[in-house]
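J.: From the sequence below, what's the structure:
(one chain, ligands or ions: 1)
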Amino acid sequence: MDTPSSATAISAVNVRKTYGKKENAFHALRGVSLDIRQGESIAIVGKSGSGKSTLMHLLALLDTPDEGSIRLDDRDVSSLRAVEVNKMRNSYYGFVFQQFFLNGRQSVLDNVMLPLVIGGVRPAERKKRARAALEAVGLSDKIKNRANDLSGGQKQRVVIARALVNEPRIIFADEPTGNLDTHTGEQVEQMLFDLNKQKGITLVVVTHDPEFAARFDRQIFLSDGQIVSESGAAA
Ligand SMILES: Nc1ncnc2c1ncn2[C@@H]1O[C@H](COP(=O)(O)OP(=O)(O)OP(=O)(O)O)[C@@H](O)[C@H]1O
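T.: Down below sits the predicted model:
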């Protein structure tokens, strides 16, 4: 599976998002439309404050637009009940976000099993799947370590293992290599692209790094809350 299919994974349709009210209102997204195809890799780029994380949070169903809609499986997400949205987020999505910290006192294995606990997977099965995910990121020898006792790059690999343990359709990553040294950052990048190319997992990443962005099928450039240009093979 090395080419994106024509099926749409998720769409934003003319979404707008404003933070604050009246004279303090800030229009973070001002009418953004975007179709993300199943299996493609897409980088969202733009200056600080351009609305990248806001767009990512809407696509990831972590926040809701003030206007416009997010469509998943051809359904307007706003028409679904919260419990259904939570279920979809947990089963379809994996997250590599810096603010989604690991629990440092828990073992690496427990951290990776968390999405499966939330998803109600039984204990023997979740252990098996978490071990397989940790093996995929080369951390089989660290499963019993406390998450605090790992290097930055190892922690990021645990986060990736946690993101892929529920076999998501889409992985969302916000500056996944931001805090890593060049070599470790490249390993983490490669791991994400391998998941995209080998397993067909759609990859949506926010980054400031132009070299990293250039490796994606498509780059979306945001400025002042609007898409100002797109480039890449699929554009
Ligand atoms: N909760 C909030 N309340 C008020 N303003 C906010 C909030 N979240 C974001 N903003 C503002 O919305 C704008 C877009 O923020 P966003 O985080 O989407 O930008 P970004 O492109 O991801 O920036 P960065 O690259 O610095 O992370 C910024 O000006 C920010 O200050």
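
J.: Need the three-state assignment for residue 83.
T.: Three-state call for residue 83 (DSSP: H, G, I helix; E, B strand; the rest coil): helix.

J.: With residue 157 instead?
T.: On the basis of three-state DSSP, residue 157 is classed as helix.

J.: Quick check: closest non-adjacent residue to it.
T.: Computed as Cβ to Cβ, 6 or more residues apart in numbering, the closest residue to residue 157 that is not its neighbour in sequence is residue 137, at 4.2 Å. The C-beta positions use only the backbone N, C-alpha and C, and glycine is treated the same way.

J.: What residues sit buried inside stretch 42-52?
T.: Buried residues in stretch 42-52, counting neighbours by 16 or more other Cβ atoms under 10 Å, are found at 42, 43, 44, 45, 46, 50, 51, 52.

J.: On the three-state scheme, the spatially most central residue of the chain is what?
T.: Of all residues in the chain, the one closest to the mean position by Cα atoms, centre = their mean is residue 172, 0.8 Å from it. Residue 172 falls in the strand class when you classify it by three-state DSSP.

J.: What's opposite it in the beta bridge?
T.: residue 95, residue 204 (DSSP bridges).

J.: Look up how far residue 24 lies from it.
T.: Separation of residue 172 from residue 24 (Cβ to Cβ, to the nearest Å): 28 Å.

J.: re earlier: dump the residue contacts of the residue nearest to the centre of the chain.
T.: Residues in contact with residue 172 (Cβ atoms under 8 Å, 6 or more residues apart in numbering) are 56, 59, 60, 93, 94, 95, 96, 97, 204, 205.

J.: could those residues be laid out in CSV, adding pLDDT, neighbour count and distance to residue 160?
T.: CSV is the format used below for the contacts of residue 172 (pLDDT from 0 to 100; neighbours: other Cβ atoms under 10 Å; distance: Cβ to Cβ, whole Å):
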residue, pLDDT, neighbour count, distance to residue 160
56, 95, 20, 17
59, 96, 26, 19
60, 94, 20, 16
93, 93, 23, 14
94, 91, 26, 8
95, 91, 20, 10
96, 89, 23, 6
97, 82, 19, 12
204, 97, 25, 14
205, 96, 27, 12
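
J.: would you turn those residues into CSV with distance to the ligand?
T.: CSV is the format used below for those (distance: Cβ to the nearest ligand atom, whole Å):
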residue, distance to the ligand
56, 8
59, 12
60, 12
93, 18
94, 20
95, 15
96, 15
97, 11
204, 13
205, 12
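
J.: Just the closest of the residues you listed to residue 77, please.
T.: residue 59 (9.9 Å; Cβ to Cβ).
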